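Asks: Generate a structure from the sequence data that follows.
(one chain, ligands or ions: 1)
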Amino acid sequence: MAAHKEPVLDIIVVGAGFAGLYLLYRLRTLGFQTLVIEAADGVGGTRYWNRYPGARCDVESMAYSYSFSESLEQDWVWTERYAAQPEILAYANHVTDRFGLRKDIRFNTWVARAVFTETDGLWTLTSDEELSFGARFVIMALGCLSAPHRPDIPGISEFAGECYHTGYWPHQEVDFSGKTVGVIGTGSSAVQAIPLIAEQAAHLSVFQRTPNFSIPAWNGPLDEESQRHWKNNYRTLRAKAKRTSSGILNMDSDHCAAELSPDEQLRELDRRWQHGGLIMWNAFNDIMTDPASNELAASFVRRKIREKVKDRKTADLLCPEDHPLGSKRLCVDTDYYETFNRKNVTLVDIRSHPIEKITAQGVQTSHDSYALDVIVLATGFDAMTGPMMKIDIRGRDGVSIERKWSDGPRTYLGIAIADFPNLFMVTGPGSPSVLSNVLLAIEQHVDWISDCLCHMRSTGFDIIEASPQAEDDWVIHVNDVANPTLYTHSDSWYMGANIPGKPRVFMPYVGGAANYRELCNEVSDQGYTGFTMSKSAATAPRNTVVSANEQQRIDSQTFSQPRRNSTS
Ligand code: NAP
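Replies: Purely as a prediction, here's the structure:
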């Protein structure tokens, strides 16, 4: 193994996205020697890589921001209701510089391997260039959607034109003007990119396998009044958001569909449509459990699509019929459906006539050939587990994460993994993450992990590990809450269904962000139930003050489980 280039640190964080940045800020403030390792040459994570035209957040800007610094909240000015990628990236850079974080980030370094050594209880991380870094703790802040999925379409490498993936977009502007363009995919990324590409391209063909439900963003400049409202009430609004199932205000509903008359149902759907964005997801509180309730919202959106799209056949093709609304991530758009009224845009149904191959000239389906200058792959990500599995992570006895997760992810709270001591994840599988306002989810995980590390420091432990029993129980619980829902009724990336060969397991925790927060707090309040804490053979001097009795008690301690019924 390569010798350590740097001294052994307290903590290495992998990833300088929003999670990594806040981790660095928080851990440094708490006095931990921390290094962040980042593959890119800049901060921002997902927002660094996803530079495609139209990329923006689908949670409103004022809420899609850190809450840890009141002065930051007050100083930063968002200009649009849903901020565009350059503005979000500027925000990430502002935070980095405002809090002096850059000096502790090592850029352009791809972590290829992370190995735990039992003899000294340390992690060794090795880069693809064989640089080695040692730390007591590793925190994977990899993001849930950071491993782009480039489909294995026959002939894809033969294409003679330009080919881009939305999740790995070039830094220089891509000029579509006068070009014949094909977009493969119709998920959130495509839905944002298509209207802007269509404005430039000579002709755009959209290759659609599965239509998605998309709700208008009604995006626009943020008016002074709503900014003032947020800035004057940030504490109250954040606290309120934390008590919701998604961390997003105005989303939860108090009514199941059957409690409302048909008029009231329609009014509620219309109110949410007029408000715009993700809140359509929860028009009724049984929308993700009762197919009839879900169908009310689904057919409402289909009617809207048919109102917008002039050509009947195209409108029919754009209407999702094969999955419940929200079981695939809702898209939030600006003029997506309207774009199909343009003369230079064609919707190609690759469900009926699949893509057979990509040739040097373009795309060939079972029905036709499409000559293209540019192909845009808006084909998504190997979500949630993909970023972890791209690193060769080895825990106790050399067990690999690949083997451990071969039948789907296994975690405790989406934060820790049995057999992988001193390794934490931010927004890992088994946590609400992608089903919630991810900024709030990140802050909650970072705060929880930081508190845990402080607890260990003050009690003299330097090894923490999720117990196999706690992990088993959590995996069962994650499945128990997901299985009765409609989330499991579609071939979504939540289910891993978009990646050939990936186990079909519902990966995020659907029990609600507020419940989840409470569960995590219960675990910590009760002395980190479900975790085993111990001392390594080579404990650092600051951690030595633990009595033998205390140590014996600690070493044998495997705590009982959190009460699972509080979330079901
Ligand atoms: P996605 O939702 O997984 O969509 C991928 C699209 O590519 C789907 O339409 C899929 O069709 C299609 N596809 C994949 N492989 C294909 C193949 N071999 N042949 C033909 N079509 C293929 O990916 P995404 O649009 O990048 O979005 C992923 C997630 O990122 C979103 O759900 C969201 O959470 C996040 N995101 C957020 C924003 C935002 O507004 N903040 C923007 C972009 C993305 P099938 O459905 O048939 O598989």
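Asks: Around the ligand, pick out the residues from the stretch 201-350 of the chain.
Replies: 209, 210, 329, 332, 350 (C-beta under 6 Å from any ligand atom). C-beta here means a position set from N, CA and C on the backbone, and glycine is covered the same way.
Asks: right, and the second one touches residue 190 too?
Replies: Read it as residue 210. No: using C-beta atoms under 8 Å as the test, residue 210 is too far from residue 190 to be in contact (11.2 Å).
Asks: ok, those two, which is more surrounded?
Replies: When residue 210 and residue 190 are compared on other C-beta atoms under 10 Å, the one with more neighbours turns out to be residue 190, at 28 against 18.
Asks: So which elements touch the one helix or strand the more buried one maps to?
Replies: Here residue 190, judged by DSSP states H and E, is contained in helix 188-200. The contact analysis (3 or more C-beta pairs under 8 Å, 6 or more residues apart in numbering; DSSP states H and E) places helix 188-200 against strand 180-184, strand 203-208, strand 331-333, helix 336-339, strand 374-377.
Asks: Contact residues of the stretch 351-500 of the chain facing the ligand?
Replies: 355, 378, 379, 380, 381, 434, 493, 498.
Asks: Select from those every entry located in strands.
Replies: Judged by DSSP state E, the subset of those located in strands is residue 355.
Asks: for the residues of the stretch 351-500 of the chain next to the ligand, which one is nearest residue 33?
Replies: The nearest member of those to residue 33, counting by C-beta to C-beta, is residue 434 at 31.2 Å.
Asks: State the distance from that closest one to residue 222.
Replies: 25 Å (C-beta to C-beta, to the nearest Å).
Asks: And the helices and strands packed on helix 188-200: which comes nearest residue 470?
Replies: strand 331-333 (36.2 Å).
Asks: pLDDT averaged over the closest one, what's the number?
Replies: Per-residue pLDDT over strand 331-333 has a mean of 98.
Asks: Neighbouring strands - and their directions - for it?
Replies: Strand 331-333 has the following strand partners under DSSP bridges: strand 214-216 (parallel).
Asks: what element comes up after the strand it pairs with heading to the C-terminus?
Replies: Moving toward the C-terminus from strand 214-216, the next element (DSSP H and E) is helix 224-232.
Asks: got the buried residues for that next one?
Replies: For helix 224-232, burial by neighbour count (16 or more other C-beta atoms under 10 Å) applies to 230, 231.
Asks: Can you classify the residue nearest to the spatial centre of the chain as helix, strand or coil?
Replies: Closest residue to the average C-alpha location of the chain: residue 144 at 3.6 Å, with C-alpha atoms, centre = their mean. Put simply, residue 144 is coil when judged by DSSP: H, G, I helix; E, B strand; the rest coil.
Asks: so what's it up against?
Replies: Residues in contact with residue 144 (C-beta atoms under 8 Å, 6 or more residues apart in numbering) are 381, 383, 384, 387, 427, 433, 434, 438.
Asks: re earlier: any idea of the mean pLDDT in the helix holding residue 190?
Replies: 98.
Asks: Equivalent analysis for stretch 531-549, please.
Replies: Stretch 531-549 comes out at a mean pLDDT of 59.
Asks: With stretch 93-106 instead?
Replies: 98.
Asks: and what of stretch 254-269?
Replies: The pLDDT scores in stretch 254-269 average 97.
Asks: Report the buried residues of that stretch.
Replies: Quick answer for stretch 254-269 (16+ other C-beta under 10 Å): 257, 260, 265, 268, 269.
Asks: elements contacting the helix ranked longest in the chain?
Replies: Longest helix in the chain, counting residues (DSSP state H): helix 438-459. If you count contacts as 3+ C-beta pairs under 8 Å, 6+ apart, helix 438-459 packs onto helix 18-29, helix 234-242, strand 423-425, helix 513-525.
Asks: For those, could you give me CSV that also reports mean pLDDT and mean neighbour count?
Replies: Formatted as CSV, these follow (pLDDT from 0 to 100; neighbours: other C-beta atoms under 10 Å):
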stretch, mean pLDDT, mean neighbour count
helix 18-29, 98, 24
helix 234-242, 97, 15
strand 423-425, 98, 26
helix 513-525, 98, 18
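Asks: Mind jotting down where the helices sit in the stretch 251-400 of the chain?
Replies: Assigned by DSSP state H, counting those that start in this stretch, the stretch 251-400 of the chain shows helices spanning 262-275, 291-308, 312-318, 336-339, 386-389.
Asks: Does the spatially closest residue to residue 385 that is not a sequence neighbour belong to a helix, a strand or coil?
Replies: Leaving aside its chain neighbours, residue 385 sits nearest to residue 409 (5.1 Å; criterion: C-beta to C-beta, 6 or more residues apart in numbering). Under three-state DSSP, residue 409 falls in the coil class.
Asks: Quick one: residues contacting residue 409.
Replies: 384, 385, 428, 429, 430, 505, 507.
Asks: Skipping adjacent residues, who's closest to the residue in the stretch 251-400 of the chain that the ligand sits nearest to in space?
Replies: Checking the stretch 251-400 of the chain residue by residue against the ligand with C-beta to the nearest ligand atom singles out residue 380 as nearest, at 2.6 Å. Computed as C-beta to C-beta, 6+ apart, the closest residue to residue 380 that is not its neighbour in sequence is residue 149, at 5.0 Å.
Asks: now do residue 502
Replies: The shortest distance from residue 502 to any non-neighbouring residue, by C-beta to C-beta, 6+ apart, is to residue 496 (3.9 Å).
Asks: Low-confidence regions, this protein specifically.
Replies: In the predicted model of the chain, residues 1-6, 538-568 satisfy pLDDT under 70.
Asks: on that earlier part again, now tabulate the buried residues of stretch 254-269 in JSON lines and tack on distance to residue 477.
Replies: Below are the buried residues of stretch 254-269 laid out as JSON lines (distance: C-beta to C-beta, whole Å):
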{"residue": "257", "distance to residue 477": "27"}
{"residue": "260", "distance to residue 477": "31"}
{"residue": "265", "distance to residue 477": "32"}
{"residue": "268", "distance to residue 477": "31"}
{"residue": "269", "distance to residue 477": "32"}
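Asks: Perfect, I'm done here.
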